[in-house]
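>>> Would you be able to build a 3D model of this:
(2 chains)
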Protein chains: 2
Amino acid sequence: MPSPYVQERSTENYRDAFQVKLTRSAILRPVPEPESDELWAQNCASDYMVTCQWTVEGGWEVPEIKPFDNFSISPLASCLHYATQCFEGMKAFRGLDGNVRLFRPYRNAKRLAMSAKCVSLPQFDADYLVWLIEKLLQMDIDSSQCPPGASPRSSMRLITSQVDKIRAWPGGFGYAKVGANYGPSFSLHHEAQAANYDQVLWLFGPEGRVTEVGARNFFAIVRNRESGLLELLTALTEDKLILEGVTRNSVIQLVRSRLADELEVIESYFTIQYLKTALEEGRLLEAFVSGTAFFIKPVSVIRCDNEDFNLPQKENSTIKNFTSLIKTWLYDIMFGKEEYSWSRIVERDLGDFKLFSP
Amino acid sequence: MPSPYVQERSTENYRDAFQVKLTRSAILRPVPEPESDELWAQNCASDYMVTCQWTVEGGWEVPEIKPFDNFSISPLASCLHYATQCFEGMKAFRGLDGNVRLFRPYRNAKRLAMSAKCVSLPQFDADYLVWLIEKLLQMDIDSSQCPPGASPRSSMRLITSQVDKIRAWPGGFGYAKVGANYGPSFSLHHEAQAANYDQVLWLFGPEGRVTEVGARNFFAIVRNRESGLLELLTALTEDKLILEGVTRNSVIQLVRSRLADELEVIESYFTIQYLKTALEEGRLLEAFVSGTAFFIKPVSVIRCDNEDFNLPQKENSTIKNFTSLIKTWLYDIMFGKEEYSWSRIVERDLGDFKLFSP
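Next comes the predicted model:
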């Protein structure tokens, strides 16, 4: 039987060549309690970090695991002036069996390399990066934990962007996880929050094409007026306006493989007016957002043209709840209730690897 | 007679309230020679820098002048992940009379505040910032110098962007000096340089609207086919696609006031095809780019659709050379050959100001 990881990992064989320098920390900080304010503030870090220097002359140096600390950065550095920066978000889940798991980490690692290219930074090998993340997690594998994507609200209140504020454009870089997509979008996000909405639903063009929600992908379940069949609508990635989320891809794959007879996935253009009409006609059954940070969250309200549109909520209803079903499937995979190729257990044993102190 | 600075400075009176902490440097580095490689590498800094901390609770603290040094930045800082960053470029010119001058610094300071708002950063008072820059310059007023916008080439070779790569879009942030406008544009810039062009001429839309050149504004002098009159064409700023450059604004003002009868300034939409047609018909007389970094530079070539279009060069010709004339006017103002309200002499005397060591 092939390894369950085989489809997610491309070059297992050359892992033996990976190296990392290790400097141990003298002081280990206490781990925040689950659900504590400290944890929710989202500004506490692990005891260690991984760094890797790159120079024009020598390329990538040997990476280092070392105590978490501030960076020393020249005021002239281009990352501070020209947004030559990119990032990824990934969680490590403590499963019900006590194991720590990563969820499709190669997708993040490959996207990081793509994003780096987008801002003219050197690309780091995706397999090497996942290996390093595993090494980092091993450093505090007994204390690692991550909240399963909860947030104070159980559902999301969205507000559509105004027609004169655009997050991304064809020919731009909306598809990459580069800093440049975030800073300029914060002001609208803050306005949304001040008005008691959680996120901005970014529209594009005069026709109001639905793209994505803050840093999350958007899905709607609509009954097609002509065919009477259920469709799971989400923006397409081909025009490079939106980020191709790991969770988005996972939702689509699960629905295609497990709900093929009930719910057809449509990656396409669709407008806010299309959703409004579907809602008025009772054909918009559910909407949700997907992303690593907040996992899968149903949408309860979409504000558009100064009007709140309330979406059907099925939390305690007997009607089939696709959002909840998809969320459960993903949760079970992430936390090890279901064994699946997307979930990658982090080995506890440091000894296998070429960690060395210089 | 009113102060020549009055139009550029808004609140002279409350300068008395400005403060700065001063920590002197124990070691002063040698000043690079004019035209030296060290200077051209553009990565040497002055001995001092100005910093100012801001906190949610307390707002801006008292600014500090201190020895130039690396910043200590948390790996979690949003400036590194989300491009919550903006900047300005400004030069200090050692005039022919030995005085050090700033050129319209309030424009930069006000634009910095606008850019900060664009990325949800707190805004710093423009007058206070100019005052601080003057304090910083006073710290090494005898060694300060700046090359007058020269570059290895005397003219610019431009290559138009492909239709599927855009720098900015309506509803975006192309008008602000935020990091997000730069990183993602570097790859095309590097491609241009590899193909022996200096800068990308960024077009927008399927019709190929001319916007700006790298981080510079673009001007073309075209004889209007119908009227037979000369027009100075440049992209308009109203749709917020391009940066409203300080040099751009100065060029426009000087031409309007000094060449009103010869050359009409037209801030408008115009396409690359419009320029090509004008060139073919002998009506494109000059083109140049403007910006703080490289001042005013004539354009010699525009590559478009795999073809080089050579522009008339007047360097040693007897035909009237508007580019050269405008450049001379600006140079004379910057270096104090002509006294003008745009040029601001930095006082030598530190004693006037409330510098204090903590």
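>>> My read is that A:Lys66 contacts A:Ser46, right?
No. Using C-beta atoms under 8 Å, A:Lys66 is not in contact with A:Ser46; the gap is 11.7 Å. Backbone N, C-alpha and C define where each C-beta goes, glycine included.
>>> name the helices or strands packed onto the helix or strand that contains A:Phe186?
Using DSSP states H and E, A:Phe186 sits in helix A:186-194. For helix A:186-194, the elements it packs on are strand A:199-204, judged by 3 or more C-beta pairs under 8 Å, 6 or more residues apart in numbering or on different chains; DSSP states H and E.
>>> Please save the CA atoms from the strand it packs on in PDB.
Provided in PDB are the C-alpha atoms of strand A:199-204 (Å, rounded to 0.1, in the frame of the first residue of the first chain):
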ATOM      1  CA  GLN A 199     -15.000  41.100   6.800                       C
ATOM      2  CA  VAL A 200     -15.200  42.800   3.400                       C
ATOM      3  CA  LEU A 201     -16.600  40.800   0.500                       C
ATOM      4  CA  TRP A 202     -14.500  42.200  -2.300                       C
ATOM      5  CA  LEU A 203     -16.300  42.800  -5.500                       C
ATOM      6  CA  PHE A 204     -14.700  43.500  -8.900                       C
END
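>>> A:Ala287 belongs to a strand, doesn't it?
Yes. Counting by DSSP: H, G, I helix; E, B strand; the rest coil, A:Ala287 falls inside a strand.
>>> low-confidence ranges in the stretch 151-300 of chain A?
Flagging of the stretch 151-300 of chain A using pLDDT under 70 yields the residue ranges A:151-153.
>>> Spell out which parts of it neighbour chain B.
The stretch 151-300 of chain A comes close to chain B at residues A:163-166, A:169-173, A:176, A:178-184, A:186-187, A:190, as judged by C-beta under 8 Å from any C-beta of the partner chain.
>>> isn't A:Gly171 right up against B:Lys165?
Yes. Using C-beta under 8 Å, A:Gly171 makes contact with B:Lys165 at a distance of 5.3 Å.
>>> quick one: the helix holding A:Phe186 to chain centroid distance?
20 Å (C-alpha atoms, centre = their mean, to the nearest Å).
>>> sorry, back to before: PyMOL command to pick out the buried ones of the residues of the stretch 151-300 of chain A next to chain B?
Buried residues among these (16 or more other C-beta atoms under 10 Å in any protein chain shown), as a PyMOL selection:
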select buried, chain A and resi 165+166+169+171+172+173+176+178+179+180+181+182+183+184+186
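>>> Phi and psi next, for the closest residue to A:Trp131 other than its chain neighbours.
Excluding the flanking residues, the one nearest A:Trp131 by C-beta to C-beta, 6 or more residues apart in numbering or on different chains is A:Phe18, at 4.9 Å. Torsion angles at A:Phe18 (phi, psi; degrees, to the nearest 10) stand at phi -70, psi 150.
>>> swap in A:Val213?
Here is the backbone geometry of A:Val213 (degrees, to the nearest 10): phi -120, psi 110.
>>> helix or strand right after whichever strand in chain A runs longest?
Ranked by number of residues, the top strand in chain A under DSSP state E is strand A:295-304. Remark: after strand A:295-304, the chain's next helix or strand is strand A:307-310, criterion DSSP H and E.
>>> pLDDT (mean, whole number) over whichever helix or strand comes after that next one?
Downstream of strand A:307-310, the next assigned helix or strand under DSSP H and E is helix A:322-334. Averaging pLDDT along helix A:322-334 yields 96.
>>> Next: stretch A:121-135.
On average, stretch A:121-135 scores 95.
>>> In that stretch, which residues are buried?
For stretch A:121-135, a neighbour-count test (16+ other C-beta under 10 Å) marks A:121, A:124-135 as buried.
>>> Quick one: distance of it to the chain centre.
17 Å.
>>> Contact partners for A:Ser115?
A:Cys86, A:Phe87, A:Glu88, A:Ala176, A:Lys177, A:Val178 (C-beta atoms under 8 Å, 6 or more residues apart in numbering or on different chains).
>>> taking those residues one by one, which sit in strands?
If you go by DSSP E, the contacts of A:Ser115 have nothing in strands.
>>> Relative to A:Tyr274, how far out is A:Thr247?
Distance check for A:Thr247 against A:Tyr274: by C-beta to C-beta, to the nearest Å, it reads 23 Å.
>>> Run through the residues of the stretch 1-150 of chain A sitting next to chain B.
A:43, A:45, A:49, A:68, A:70-76, A:78-85, A:87, A:117-120.
>>> If the residue lying closest to A:Lys276 once chain neighbours are set aside is in a bridge, with which residues?
Leaving aside its chain neighbours, A:Lys276 sits nearest to A:Phe309 (6.4 Å; criterion: C-beta to C-beta, 6+ apart). Assessed by DSSP bridges, A:Phe309 has beta-bridge partners A:Ile302.
>>> what's A:Phe309 in contact with, if anything?
A:Phe309 neighbours (C-beta under 8 Å, 6+ apart): A:Lys276, A:Leu279, A:Val301, A:Ile302, A:Arg303.
>>> Now flag whichever of the contacts of A:Ser115 is closest to chain B.
For the contacts of A:Ser115, the minimum distance to chain B (C-beta to the nearest C-beta) is 4.7 Å, reached by A:Phe87.
>>> right, and that closest one touches B:His81 too?
Yes. Taking C-beta under 8 Å as the definition, A:Phe87 is a contact partner of B:His81 at 4.7 Å.
>>> Have a look at these two and say which one is more surrounded.
B:His81 (19 against 14; other C-beta atoms under 10 Å in any protein chain shown).
>>> wait, what's in contact with the more buried one?
A:Gln85, A:Phe87, A:Gly179, A:Tyr182.
>>> how close does it sit to B:Pro75?
Counting by C-beta to C-beta, the gap from B:His81 to B:Pro75 is 9 Å.
>>> tell me, what residue is most central in chain A?
Residue closest to the mean C-alpha point of chain A, counted by C-alpha atoms, centre = their mean, is A:Thr292 at 3.2 Å.
>>> Excluding covalently adjacent residues, which one is nearest to that one?
A:Gly89 (4.8 Å).
>>> mind checking pLDDT for the one you found?
The model's pLDDT for A:Gly89 equals 94.
>>> neighbours of it, just the number please.
For A:Gly89, using other C-beta under 10 Å, the count is 12.
>>> Hmm, A:Gly179 is touching B:Leu80, no?
Yes. Counting by C-beta under 8 Å, B:Leu80 is a contact partner of A:Gly179 at 7.4 Å.
>>> Overlap of the contact sets of these two?
Residues touching both A:Gly179 and B:Leu80 (C-beta under 8 Å, 6+ apart): A:Gln85, A:Phe87.
>>> and A:Leu311, what does it touch?
Contacts of A:Leu311 (C-beta under 8 Å, 6+ apart): A:Leu279, A:Leu284, A:Glu286, A:Ala287, A:Pro298, A:Val299, A:Ser300, A:Val301, A:Ile302.
>>> got a winner among those for most neighbours?
Going by other C-beta under 10 Å, A:Ala287 tops these with 29 neighbours.
>>> quick one: contacts for it?
Counted by C-beta under 8 Å, 6+ apart, A:Ala287 has contacts A:Phe218, A:Phe219, A:Ala220, A:Ile221, A:Leu275, A:Pro298, A:Val299, A:Ile302, A:Leu311.
>>> quick one: buried residues of the helix or strand the first one falls within?
According to DSSP H and E, A:Phe218 maps onto strand A:216-223. Neighbour counts using 16+ other C-beta under 10 Å place A:Arg216, A:Asn217, A:Phe218, A:Phe219, A:Ala220, A:Ile221, A:Val222 of strand A:216-223 among the buried residues.
>>> Format those as JSON lines; extra columns: distance to A:Trp202.
Formatted as JSON lines, those follow (distance: C-beta to C-beta, whole Å):
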{"residue": "A:Arg216", "distance to A:Trp202": "10"}
{"residue": "A:Asn217", "distance to A:Trp202": "11"}
{"residue": "A:Phe218", "distance to A:Trp202": "9"}
{"residue": "A:Phe219", "distance to A:Trp202": "14"}
{"residue": "A:Ala220", "distance to A:Trp202": "15"}
{"residue": "A:Ile221", "distance to A:Trp202": "20"}
{"residue": "A:Val222", "distance to A:Trp202": "19"}
